[in-house]
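Asker: The following comprises the amino acid sequence and a computationally predicted model.
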Amino acid sequence: MQLLKRIYHLSGVMITAALATSAAAAQISLGSSVNLALQNSPQVKIATAEVQKAIAGLAEARDVYYPNFLLGSSVGYTYGFPVGQPSVVNVSSQALVYSFSQGDYIRASRAALKSAQLNLKDNRAQVTLDCALAYIQLATDVLELAELDREKNDAQRLVSIERDRSQAGVDSRMDETKAEITSTQVDINRFHLEDDAADQRRKLAHLTGLPPASFIPDAKSIPSLPDFTGDDTLVDQAIASNAGIQSAYANAKSKMALYSGDEKQNYRPQFEFGLQYGRYAEFNNYNEYYLRFQHNNFDVGVEITFPIFDAGRRAKARESAADAARANAEADQAKNQTTEQVETLRQSLKELRAQQRIMQLQSQLAEEQLETVEAEIQSGTGSPNAAPVTPKEMQLASIELEQRRTDLLNANLSVVRAQLSLLRSIGEIEDWANSATK
């Protein structure tokens, strides 16, 4: 990131000119973009709704021990022996007293809530990663476009020089054609970069809800990233801190508790409390058929249910066992995939850093070569037998420098992608994004 900021400083004039053409827009920082993405993302909203659903599910599992109270009426005319209980008003209440399974169901709901909360955290991390990658990609595109503007100017001057040299008979027409090819290739590269920048702006717009044209990245708002060099604890950190892995194992724990509860539904009694009051109507003919009829009626008691044989419940227990086995396997799979990804990223980061170093040295070499050519044009080569340096060599050296700087920007971006993916895997990317806001 220090290299990215240094090149940003070198291209500051170009970026200032680009900003001047869109005075109505303003720079937006990485931290602000991530915060807006977390507020606006449908992915986060879905995960939040799942947490709310899990909270309600836990309350539902607990509230079966609280008595409910129902108030109703079933007023109606009767003829002959009353077959129902038409009442002016009736009040009933029912609650679970004890069940061998309900404790497991509560534990299952609690684990499901934890899984939903961790899944929300994992989705927030993914949205943060998507937003950060798009933002840094856009910032890199802006820097590359500035370099291409410089390269295009040098390429056009090279075409003009080659045209003059060709007309003077110094160079062949082929050299002019090569210069035109170089200039056209810069145009093609610019088309690709403009398309990519537009794609990143659209992606950021979908994430944050802001219009695409409003995104002018501020490279200074991108915080530094961990080096990760020589860190052999990344796999352990991923297993301990990755919200996706933790959510998967919490879901497996919930499924196991559900299986335990369903299995206990067989051969174990269940106790329920019940209460009912009814006020029977006077205009019905109860008193003609009951010796001691009274209008106010009340009953209270405990109902005990002992399941001797229930094929449906036994099948439900087998289904729950299969769900639990699958959830455990999926959790193990998520852990294995994440640890493999971390190892791959850690190894590839070493190679990417080596490539970054090569691009840095090549850029430095191209800068030194340009300085040498400029000095030789002004002061000569210092050797009487050496051919004089021409403006053509200076333009070629300048084009080479811009190309090497563009290569360095791409190398920096590759390293940043790997670092962000590692932060995502070990569960620290949101903390990194929050440091950008601070």
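Answerer: Yep, it's here.
Asker: Do a quick rundown of the helices in the stretch 51-200 of the chain.
Answerer: With helices called from DSSP state H, counting those that start in this stretch, the stretch 51-200 of the chain shows them at 102-167, 173-208.
Asker: Next, format those helices as TSV and append distance to L258.
Answerer: All C-beta spots, glycine's among them, are computed from the backbone N, C-alpha and C. Converted to TSV, the helices of the stretch 51-200 of the chain look like this (distance: least, CB to CB, whole Å):
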stretch	distance to L258
helix 102-167	4
helix 173-208	36
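Asker: tell me the most buried of those?
Answerer: Highest mean neighbour count among these (mean count of other CB atoms under 10 Å): helix 102-167, with a mean of 21.
Asker: quick check: longest helix of the protein.
Answerer: helix 311-379 (DSSP state H).
Asker: ok so, going back, to T372, which of the helices of the stretch 51-200 of the chain lies closest?
Answerer: helix 102-167 (16.6 Å; CB to CB).
Asker: Now for the closest residue to R163 other than its chain neighbours: which residues touch it?
Answerer: Spatially, and ignoring its direct neighbours in sequence, R163 is nearest to E176 (5.5 Å; CB to CB, 6 or more residues apart in numbering). By CB atoms under 8 Å, 6 or more residues apart in numbering, E176 lies in contact with 159, 162-163, 165-166.
Asker: again, 6 Å this time
Answerer: 162-163, 166 (CB atoms under 6 Å, 6 or more residues apart in numbering).
Asker: ditto for Q362
Answerer: R404.
Asker: check contacts around L120.
Answerer: 47, 51.
Asker: least trustworthy helix or strand in this structure by mean pLDDT?
Answerer: Across the helices and strands of the chain, mean confidence by mean pLDDT, DSSP states H and E is lowest for helix 12-20: a mean of 38.
Asker: where does the nearest residue to Y98 once chain neighbours are set aside land in three-state SS?
Answerer: In space, and not counting its chain neighbours, Y98 is closest to F271: 4.5 Å by CB to CB, 6+ apart. Under DSSP: H, G, I helix; E, B strand; the rest coil, F271 falls in the strand class.
Asker: Just give me the neighbour total for F271.
Answerer: Neighbourhood size, F271 [other CB atoms under 10 Å]: 13.
Asker: Pretty sure it sits against F100.
Answerer: No. With contacts counted by CB atoms under 6 Å, F271 stays clear of F100, the gap being 10.0 Å.
Asker: Could you tell me which residues touch both of these two?
Answerer: With CB under 6 Å, 6+ apart as the test, F271 and F100 reach no residue in common.
Asker: I'd guess G301 is in a helix, am I close?
Answerer: No. Using three-state DSSP, the assignment for G301 is strand, not a helix.
Asker: and the angle for the helix or strand containing I399 with helix 173-208?
Answerer: If you go by DSSP states H and E, I399 is part of helix 391-425. Taking axes from the mean of the first three to the mean of the last three CA atoms, to 10 degrees, one finds helix 391-425 and helix 173-208 inclined to each other by 30 degrees.
Asker: buried set for helix 391-425?
Answerer: 392-409, 411-425 (16 or more other CB atoms under 10 Å).
Asker: as a whole number, average confidence for that helix?
Answerer: Taken as a whole, helix 391-425 has a mean pLDDT of 94.
Asker: now that helix against helix 311-379, angle please.
Answerer: Going by the same axes, to 10 degrees, helix 391-425 makes 160 degrees with helix 311-379.
Asker: right, and the helix or strand after helix 391-425?
Answerer: Downstream of helix 391-425 (by DSSP H and E), the next one is helix 429-437.
Asker: on that earlier part again, now do the same contact list for the residue nearest to Y98.
Answerer: 97-98, 302, 304.
Asker: Sitting in strands, which of those do you find?
Answerer: 97-98, 302, 304 (DSSP state E).
Asker: Using TSV, please lay out those residues together with neighbour count.
Answerer: Shown next, in TSV, are those (neighbours: other CB atoms under 10 Å):
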residue	neighbour count
V97	13
Y98	14
V302	10
I304	11
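Asker: Doesn't S247 lie inside a helix?
Answerer: Yes. Counting by three-state DSSP, S247 is found in a helix.
Asker: Would you quantify the distance from it to E50?
Answerer: According to CB to CB, to the nearest Å, S247 stands 10 Å off from E50.
Asker: Among those two, which residue is more densely surrounded?
Answerer: The neighbour comparison of S247 against E50 (other CB under 10 Å) goes to S247, with 23 against 18.
Asker: For the closest residue to D218 other than its chain neighbours, give the beta-bridge partners.
Answerer: Spatial nearest neighbour of D218, chain neighbours left out: Q27 (4.2 Å); criterion: CB to CB, 6+ apart. Counting by DSSP bridges, Q27 forms beta bridges with I216.
Asker: What count of nearby residues applies to Q27?
Answerer: 15.
Asker: circling back to that earlier point, quick check: angle from the longest helix of the chain to helix 102-167?
Answerer: Using the same axes, to 10 degrees: helix 311-379 against helix 102-167 is 20 degrees.
Asker: Next, the buried residues of the helix or strand that contains A49.
Answerer: In the assignment (DSSP H and E), A49 maps to helix 42-63. For helix 42-63, the neighbour count (16+ other CB under 10 Å) marks 43-44, 47-48, 50-51, 54, 57-58, 61 as buried.
Asker: Next, the angle helix 429-437 makes with the helix holding I399.
Answerer: Using the same axes, to 10 degrees: helix 391-425 against helix 429-437 is 120 degrees.
Asker: so what secondary structure elements neighbour helix 391-425?
Answerer: helix 102-167, helix 311-379 (3 or more CB pairs under 6 Å, 6 or more residues apart in numbering; DSSP states H and E).
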